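Asks: Need the 3D shape of this:
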Amino acid sequence: MTAIRISCAKVTSINQHGFWLQCNGEELHLPFVEFPWFEHATIAQICRVTCPSANRVYWPDLDLDLTLDAIRFPMAFSHAALSSDC
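Replies: Purely as a prediction, here's the structure:
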């Protein structure tokens, strides 16, 4: 039997500097300067986000998988660790 996943994440706001992601009752800011993979993405690509697990978010159109800790503390994670290679 296939499990049904309900997305725990949604984009609440986007501007020229980045976007806000609401996930598990927490609102996180992803500035484009710290998350360059999103800078040239379309609004539709950014807004299509899912939660494959409680501590990860995934953008299927961008093939980008990030942990919530990588979003909360981007300086603690190298850009290599945040690559789109899952």
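Asks: What sits closest to the residue nearest the centre of the chain if chain neighbours are left out?
Replies: Taking Cα atoms, centre = their mean, the centroid of the chain lies closest to V57, which sits 5.3 Å from it. Closest residue in space to V57, ignoring its immediate chain neighbours: A9 at 5.0 Å, by Cβ to Cβ, 6 or more residues apart in numbering. Just so you know, the C-beta spots here come from the backbone N, C-alpha and C atoms, and that holds for glycine as well.
Asks: Counting neighbours, what do you get for the closest residue to I43 other than its chain neighbours?
Replies: Spatially, and ignoring its direct neighbours in sequence, I43 is nearest to I14 (6.1 Å; Cβ to Cβ, 6+ apart). Close neighbours of I14, defined as other Cβ atoms under 10 Å, add up to 16.
Asks: repeat for P74
Replies: Count around P74 with other Cβ under 10 Å applied: 17.
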